[in-house]
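> what's the 3D shape of this:
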Amino acid sequence: MKHRLFLFDLDDTLLDFKASEQLSFDCTMRVLGLATQPDGLFERYQAINIALWKRFETGGVSKDVLKVERFRQTFDASGLDLDPEAASRLYLDSLSDTVVLIDGARELCATLAAIGEVGIITNGVEQIQHRRIVSAGLRDHVSFVATSEACGHAKPDRRFFEFTVKMARAFSHAETVIVGDRLDADILGANRFGIESCWFNPAGLANHTEALPTFEVARLHDVVPALRGLAVA
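Model prediction:
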């Protein structure tokens, strides 16, 4: 295998964020006293959250604003008299307790850590992401965690990747690969930085974007064989 530095996106690549998000949201609503949620409340929150994250990634909103505003907009749109700041605190606190691993994530990180160095690259909230990595049992296999919060720039900004590789023990473009589920952040970021990439695409989505992954897998179990195949291609 030619690669020695393996950069992994965290949410929906190693950890099933969609499952954690639902569990944390439901917990937050119960603590706030909403025993029964209005139909479509979580789906409304998801749509608002995704839109705000896209604005964050293009510099249109700060992360501190995003964390509260997603709940404020959700409650306003749903006619709910709930405290968005309290909701934000409760939700973030619960995320590290609702960790769900993608099948094969821990084994993959352990295998690659024995070959080279594993780093996490994430646009998520730094303190929360560190706690979730520990809760998931990945900490022993991960050399460093690069967050947009610490960097000041988000994927796919080239400056985020320049910040990231400075944390590695050693770096060369030819020996580095990014594994991630998002074409617009992980794969496009790899393209712009001049390193290879693996698109984790379990849903078998079509790629209609400018991002060009080096290879694509539907299961994490297929990453190592694909990387070995690149070395002899």
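> going forward, measure contacts and count neighbours with C-alpha atoms only.
OK.
> Which strand residues bridge L7?
Beta-bridge partners for L7, by DSSP bridges, are G119, I178.
> And the pLDDT at it?
L7 carries a pLDDT value of 98.
> I'd like the distance between it and D103.
The spacing between L7 and D103, counted by CA to CA, to the nearest Å, is 18 Å.
> for D184, same thing?
Where D103 is concerned, D184 sits at a distance of 23 Å (CA to CA).
> Next: D97.
18 Å.
> Give me the domain ranges for this structure.
As given by automatic domain parsing, the domain ranges for the chain are 5-16+101-232, 17-95.
> I'd like to know which helix or strand in the protein has the lowest mean pLDDT.
Lowest by mean pLDDT, DSSP states H and E among the helices and strands of the chain is helix 223-232, with a mean of 85.
> State the phi and psi torsions of the most centrally placed residue in the chain.
Centroid check for the chain by CA atoms, centre = their mean gives D11 as the closest residue, at 3.1 Å. Backbone torsions for D11, taken as degrees, to the nearest 10, come to phi -80, psi 130.
> Show me what it is bridged to.
In beta-bridge terms (that is, DSSP bridges), D11 pairs with L15.
> I figured it hits F17, correct?
Yes. Here D11 reaches F17: they are 5.1 Å apart, a contact under CA atoms under 8 Å.
> so where's the chain shaky on pLDDT?
231-233 (pLDDT under 70).
> for this structure, what spans make up the strands?
Taking DSSP state E as the criterion, the chain carries its strands at 5-9, 117-122, 144-147, 176-180, 196-200, 215-217.
> Serialize the ones you listed to TSV and add fields for distance to R44.
Converted to TSV, the strands of the chain look like this (distance: least, CA to CA, whole Å):
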stretch	distance to R44
strand 5-9	25
strand 117-122	24
strand 144-147	27
strand 176-180	25
strand 196-200	26
strand 215-217	30
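> how about JSON lines for those, with mean neighbour count and distance to I128 added?
Formatted as JSON lines, those follow (neighbours: other CA atoms under 10 Å; distance: least, CA to CA, whole Å):
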{"stretch": "strand 5-9", "mean neighbour count": "24", "distance to I128": "15"}
{"stretch": "strand 117-122", "mean neighbour count": "23", "distance to I128": "11"}
{"stretch": "strand 144-147", "mean neighbour count": "23", "distance to I128": "11"}
{"stretch": "strand 176-180", "mean neighbour count": "25", "distance to I128": "19"}
{"stretch": "strand 196-200", "mean neighbour count": "24", "distance to I128": "23"}
{"stretch": "strand 215-217", "mean neighbour count": "17", "distance to I128": "28"}
